[in-house]
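> Predicted structure and sequence below. I'll ask about it afterward.
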Amino acid sequence: MSNAPPIVLVDRCTKHYFRGSERVEVLKSVHLEIARGDFVGLIGPSGSGKTTLLNLIAGLDQPTTGRVVVNGVEISALTESQLALWRTNAVGFVFQFFNLIPVLTAYENVELPLLLLNMSRRRRREQVMNILELVGLGHRLDHRPGQLSGGEQQRVGIARALVTDPALVVADEPTGDLDSRKSQEILDLLQELQVRLQKTILLVTHDLAVAARVRRLLRIQDGQLIDDTENPESTSHPLFGSRNVSSAARRLEEQERVKPSNAAGA
Amino acid sequence: MIPVAYSYRSLFVRWKTTFMTATGFTLVVAALIVMLAFIKGIQEVCETSGDPENIIVLNEGQPDEVLSQIPRSTASQIETARGIMRDSQGRPLSSREFFMVASVYDYRIADYVMYPLRGVHPVAFDVHSAVNLVSGRMFRPSQSEIIVGTGLMRSQKMSIGQTINIGRKSWKVVGFFEAKGSAFESEIWCDLDELASQFKREGSYSSMVLRAISPEAAKELAERLSDDKAISVDAMTEVAYYAKQGESAQSLQAAVWVIAWFMGIGAIFGVMNTMFAAISQRLKDIAVLRLMGFMPWEILISFLLEAIFVSLIGGAMGSAIGYMINGFTQSASIGSHDVQFTFRVDSTLLLLALAFSMFMGIIGGIVPALSAMRIRPLEAFRA
């Protein structure tokens, strides 16, 4: 890794909430740095805190303690309206269920974030067309989400996330609603865009096959980062020592069943 | 801003609900237009019925011709007053009139019909300059002949040569007259002496209409006659008289708006219910929009616009239905006059009705829109 300042700094963040009188610890002093232009995966079982961590980094939620700095901005100190403005410019979102606006066309869905920026109609059009061409949907501009396949909808979702040229793209289970072939296509696309556009991508998943595609993999369990691996598919990591992802998945499940709180520290 | 297309396309996606909700507005707007068109028609009759140079004289304390009685001697005294226009032979343009409402049995509908009858002398046609014979001929004295206003002619489907039994006599229709859409067009006119004789009212008149030399002179003369204690009459210009008769329409207008508001409450709750349902189905949309950086007020505007669109669709349908009443002729009582009036739906009324519909849409839409505005993206995603 280079010595350049990280694009994401999660500095000893905790997050808890109350369920009635019971205090629920979601994140326990998480410390994390992500380098600019990196492709990072965050894996963990349900309820491990991965979505909460993603929400903190994406400016959707605030930590109970600690601070979050993204692209030089301490977002944990921003007000809600400042956060809304920051999100428009700084972060793109890709969702599991695509979350496209069903009554708008592919073009209009991608154009939406640009409406928040002071941009001419012509420039908006150029930008939308470019990004839709890039994701291979230049011919499906006027189709509404209902007229597109799942893979195509996710491509529109990715185009929408990238159209404002954000420094950071967060993707929450982006292939969770796709079959394996479509999943591979979407991951290929994300990887290609990450390289071509030099974007930092933080991808949350519980799918090992997806996790194997990232450059750096973080593992979270019980609100703590327990593993941080670079090039996971090529290392002798216990999960990825084998190229057989499905057997690795089985090993991960067994490992979690046998020693559920094997915290290696963040 | 969130594209307007998002608001209106969402309506067409759930078009059945939109249509049903809009129907509530349609009914309110259509009813409002019909009621206001009725009032406008009445007001139009009252506005056109008065000649500014004419003065109506009734006996003191009687607001209406039917109850008024002016003795013959008083009438002669009034005609000597200054300011009354005179004809080439120096006779005052003063029309002594006997007005009554006769209940006449109509065999065609097997029911009684109320006919306003006015007995006049030939000078009445010089005083009431708006009255013009349009077909047939003038009635002749002592021949039991009548002429009929075109409004009454149309509503009662009368024809020349037809006879009408009024009192003990059978009267023959010999002509029809127009009076620039005024209340006279709803009347039957005949010879004053013949009518008064039949109803034993020879000694007095219901009213007098005096033609003044100018509108200013008319006002001055009316005041002078009213102030004259010796003759005990109330005099006012025809314009003032009919405006007073039309006051009932003004008070009716307030009642119409109250009714419209009560009806509107149903439509307001309808759109409120629809919008709450729409919001609960679109929590993810709201979350995504908020997440992208759209501000809460932009969400509010977007959903409020949707409610306004529903109200405008309903309002437009209501306006189209309400407009059908335009030009429809009906009779109504103004004071003791049963007048023919025409429902009037003009662009001002249509715009007013649409604005009312939109206002109801805003009231019905604001509460759900506020709730949409307060939705937090994370909570919406978890929902």
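Perfect, thanks for sending it.
> Count the neighbours of B:Ala287 for me.
With neighbours defined by other CB atoms under 10 Å in any protein chain shown, the count for B:Ala287 comes to 22. C-beta: built from backbone N, CA, C; applies to glycine.
> residues near residue 209, how many?
Just going to use chain A. 16.
> was after chain B, sorry
By other CB under 10 Å, 21 other residues sit near B:Val209.
> quick one: it from B:Ala130, how far?
With distances taken as CB to CB, to the nearest Å, B:Val209 is found 12 Å from B:Ala130.
> With B:Ser49 instead?
Where B:Ala130 is concerned, B:Ser49 sits at a distance of 9 Å (CB to CB).
> Between the two, point out the one with more neighbours.
Of the pair B:Ser49 and B:Ala130, B:Ser49 is the one with more neighbours under other CB under 10 Å, namely 25 against 17.
> And the pLDDT at that one?
If you check B:Ser49, the pLDDT there is 72.
> residues contacting it?
Contacts for B:Ser49 (CB atoms under 8 Å, 6 or more residues apart in numbering or on different chains) come out as B:Ser182, B:Ala183, B:Phe184, B:Glu238, B:Tyr242, B:Gln245.
> Switch the residues you listed over to CSV; also include neighbour count, secondary structure and distance to B:Met358.
Compiled in CSV, the contacts of B:Ser49 are given as follows (neighbours: other CB atoms under 10 Å in any protein chain shown; DSSP: H, G, I helix; E, B strand; the rest coil; distance: CB to CB, whole Å):
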residue, neighbour count, secondary structure, distance to B:Met358
B:Ser182, 25, coil, 37
B:Ala183, 24, helix, 37
B:Phe184, 24, helix, 41
B:Glu238, 23, helix, 40
B:Tyr242, 25, helix, 35
B:Gln245, 23, helix, 35
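> for the residue sitting furthest away from the middle of chain A, phi and psi?
No residue in chain A sits farther from the centre than A:Ser21, which is 32.2 Å out by CA atoms, centre = their mean. Backbone torsions for A:Ser21, taken as degrees, to the nearest 10, come to phi -90, psi 0.
> got it, and the one 3 residues further on?
Taking degrees, to the nearest 10, you get phi -110, psi 120 for the backbone angles of A:Val24.
> what does the one 5 residues further on give?
With angles defined as degrees, to the nearest 10, A:Ser29 sits at phi 40, psi 60.
> I'd like to know how many residues surround A:Ser81.
Neighbour count of A:Ser81, defined by other CB under 10 Å: 11.
> oh, I was asking about B:Tyr105
Neighbours of B:Tyr105 using other CB under 10 Å come to 11.
> That one should be in a strand, yeah?
Yes: assessed by DSSP: H, G, I helix; E, B strand; the rest coil, B:Tyr105 belongs to a strand.
> which ones are touching it?
Contacts of B:Tyr105 (CB under 8 Å, 6+ apart): B:Asp111, B:Tyr112, B:Val113, B:Asn165.
> how far away is the last one from B:Phe139?
Yep, that's B:Asn165 we're talking about. Taking CB to CB, one finds B:Asn165 at 17 Å from B:Phe139.
> The second one now?
Per CB to CB, B:Tyr112 is found 24 Å from B:Phe139.
> Would you map the strands across the stretch 51-200 of chain A?
Along the stretch 51-200 of chain A, counting by DSSP state E, counting those that start in this stretch, strands occupy A:65-70, A:73-74, A:91-94, A:168-172, A:200-205.
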